[in-house]
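[1] Task: produce atomic coordinates for the following.
(2 chains)
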Amino acid sequence: MIEQTAANLTPYNETASPLGLGSTTQDQGFLLKFYESIVDDLSAAKRHGTPSVDTTYAKSSIPDIFPNKIPNPQETRYSFSVLQEWEGYVVSISTETFTARLTDVTRNCTIEEEEADFPLTDLEDADRLRISPGSIFRWVIGYRRSPGGTKDRSSRIVFRNLPAWTTKEIEKNRHDATEWASQLNVE
Amino acid sequence: MGKPTECRMTKLSPPNSDQIELTLFGPGYGECVAVHLGENRWIVVDSCLNTKTGNPAVLDYFNEIGISPQKAVKLIIISHWHDDHVRGLSEIVSSCPKASVCCSSALTQSEFLSHVLNYQNIMTKTTSSGVKEIEKILQILSDPSLPPIKRALANRTVLDLPAKGTANSCVVTTLSPSDKEYDDFLKGIAALVPSDKKTKIRAPSLSPNDAAVAIWIKTGGVKMLLGSDLEEKGESSSGWSAIVQSEERPRGRASIFKIPHHGSGTGHHDKVWSDMMIESPIAILSPFYNAGKMLPTDKDIARILSLAPKSYITTRYPAPKSKKSRTRSVERTIRETVGKMRAVQPPMGWVSLRNGGKSNPDSWTVKLSAAGSHLNALNEKKG
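    From the prediction side, this is the model:
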């Protein structure tokens, strides 16, 4: 577990494929949102008297994933250290919980070996509305440090805003499927 | 048919050239059946992973008993398309380039292929798309140098082997899907076409499994019924009702039954037992775990044992708690958030049936892995 501050922030490596993600614009955007969501927000920072706060991003178990926002070392306040991370997908949803299967990203697992029931109340309101079987999310557990040095354990679930389907893509797939069907050698 | 001899395997060996063998593996993100038809001629149905090695269970088994899949496997039957049920199947297909591949015709139609293309690229390398295996298989089968894909349909012969050496002739017939199931499957797939601007998700699995392929195998005097995951919907034109009522289905009564759909009530049909099986056949099944629930249920176990006292299951262990050790802080947070984490699958097991060869075709030996057991053991465990 390594705590990353602005002083030793690693530049973003555009060629890396961190955390099993492709180095796409969507993935960079997701990572930005993901780590922002687990660090105290700007309004909380303002209450502490800092005019602006640049968030710092914790280094996860897989390196070289930092977006290009290099924070001002003078204004660094919050940090998050990841202890454990999973990628999961929803299997089923009941009235109070959803069940998900989880792949241990921290241990570089390639298959979902664990399963758990999560309370729906733990989700952001927007995520509760759009969750469905097959939805993919990240679950991270770690330590959050405030500017004053206080430390608390944090558990966050963030649903991935994967790229949406477009009409153009669906139509292209329909066309490609017709061609593919004609190429299959069926008795 | 007398009582089968049961034994636990410590060392695996291949069957004799005249022996019939049926081995069921599971669970392991699916289940898999390997059938020896004599003279080193094998068929494989679906796939699951050996949860210890991460390899397709049947390939590990072939390796253990010294069988070369490239030469020995004559037919691979695909009765599921979703990753959760056929992990490792693409590796089996690519390891057996001379084998014919048989699947529901619906899986070769443009509607289904469109579905595969829609869900194949969900932009995450960690989670499987749900269509990864079938996509790879269909890409492999696009090679024109490979044998053509055989279509599984009701009452269609997909393999007809002549007698060879000490082995009898053999006929493998698919009993499903029916025309209605074919149509229902494509309708179900059409309902999964994503809408514009919808966030990509992992491909959901269809239930019931309208692409399920029930199989009838006849070799010499031995008949076997492999029930796949075929479910009964109470309609005469689909499920087990369609098969039982068909005048064109193969005649005779099977002595071996791979019970459909993990022993569930939806896979049961009284007339399958009364019209297609001998009295007290040998029955085998693998359990299924999903969201903490297990098939077969207690009710299913009681029903199966009343019909087939000689029933065996590939693993008697429930899905255990996750055994991964983590730091105390992480363990505490897990407990606070979700309580307990479960392992998705218990250790994979297998049940293997071998007959006495040509001289004693009705005498069966049941071999069990460390996890496998008589179905009664599940009742005893809960008692």
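[2] which SSE is B:F62 in?
    helix B:57-65 (DSSP states H and E).
[3] what does B:I217 give?
    Using DSSP H and E, the element containing B:I217 is strand B:215-219.
[4] Please, where are all the helices along the stretch 201-350 of chain B?
    Secondary structure of the stretch 201-350 of chain B by DSSP state H, counting those that start in this stretch: the helices cover B:239-245, B:270-271, B:298-307, B:328-338.
[5] okay if I get these as CSV plus mean pLDDT and distance to B:V172?
    Just so you know, the C-beta spots here come from the backbone N, C-alpha and C atoms, and that holds for glycine as well. CSV is the format used below for the helices of the stretch 201-350 of chain B (pLDDT from 0 to 100; distance: least, Cβ to Cβ, whole Å):
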stretch, mean pLDDT, distance to B:V172
helix B:239-245, 97, 15
helix B:270-271, 98, 22
helix B:298-307, 97, 25
helix B:328-338, 95, 45
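[6] still on that earlier bit, anything in the helix holding B:F62 near chain A?
    No. Using Cβ under 8 Å from any Cβ of the partner chain, no contact is recorded between helix B:57-65 and chain A, whose separation bottoms out at 14.1 Å.
[7] Distance from that helix to the middle of the chain?
    For helix B:57-65, the separation from the chain centroid amounts to 16 Å (computed by Cα atoms, centre = their mean, to the nearest Å).
[8] Which one, of the helices of the stretch 201-350 of chain B, ends up nearest to B:I282?
    helix B:298-307 (11.6 Å; Cβ to Cβ).
[9] and the longest strand for chain A?
    strand A:79-93 (DSSP state E).
[10] by contact count, what packs against that strand?
    strand A:97-104, strand A:136-145, helix B:328-338 (3 or more Cβ pairs under 8 Å, 6 or more residues apart in numbering or on different chains; DSSP states H and E).
[11] Now distance to B:I189 too, for those, in a markdown table please.
    Shown next, in a markdown table, are the helices and strands packed on strand A:79-93 (distance: least, Cβ to Cβ, whole Å):
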| stretch | distance to B:I189 |
| --- | --- |
| strand A:97-104 | 23 |
| strand A:136-145 | 21 |
| helix B:328-338 | 33 |
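[12] what's the closest of those to B:A34?
    That would be strand A:97-104 among the helices and strands packed on strand A:79-93, by Cβ to Cβ, at 27.0 Å.
[13] what about dumping the CA coordinates of the closest one to CSV?
    Extracted C-alpha coordinates of strand A:97-104, given in CSV (Å, rounded to 0.1, in the frame of the first residue of the first chain):
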residue,chain,number,x,y,z
THR,A,97,-29.9,-6.1,-2.0
PHE,A,98,-28.2,-6.9,-5.2
THR,A,99,-26.0,-10.0,-5.7
ALA,A,100,-22.8,-9.6,-7.6
ARG,A,101,-19.9,-11.8,-8.6
LEU,A,102,-16.4,-10.3,-8.0
THR,A,103,-13.0,-10.5,-9.7
ASP,A,104,-10.1,-9.7,-7.3
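[14] Past it, which element shows up next along the chain?
    Taking DSSP H and E as the definition, the helix or strand right after strand A:97-104 is strand A:114-119.
[15] just to revisit the earlier point, note down every partner strand of the longest strand of chain A and its orientation.
    Strand pairing for strand A:79-93, determined by DSSP bridges: strand A:97-104 (antiparallel), strand A:136-145 (antiparallel).
[16] Just send those strands back as CSV, with mean neighbour count, mean pLDDT and distance to B:I259 too.
    CSV is the format used below for these (neighbours: other Cβ atoms under 10 Å in any protein chain shown; pLDDT from 0 to 100; distance: least, Cβ to Cβ, whole Å):
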stretch, mean neighbour count, mean pLDDT, distance to B:I259
strand A:97-104, 23, 96, 25
strand A:136-145, 22, 94, 34
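[17] Tell me which of these sits nearest to B:K324.
    Checked against Cβ to Cβ, the stretch from the strands paired with strand A:79-93 lying closest is strand A:97-104, at 6.9 Å.
[18] what angle sits between that closest one and strand A:114-119?
    Here strand A:97-104 runs at an angle of 140 degrees relative to strand A:114-119 (axes from the mean of the first three to the mean of the last three Cα atoms, to 10 degrees).
[19] so how many other residues sit close to B:G165?
    Residues near B:G165, counting by other Cβ atoms under 10 Å in any protein chain shown, number 9.
[20] That one - nearest residue in space that isn't next to it in sequence?
    Distances taken as Cβ to Cβ, 6 or more residues apart in numbering or on different chains place B:E39 nearest to B:G165, at 4.8 Å, with adjacent residues excluded.
[21] how near is the one you found to B:K218?
    Separation of B:E39 from B:K218 (Cβ to Cβ, to the nearest Å): 16 Å.
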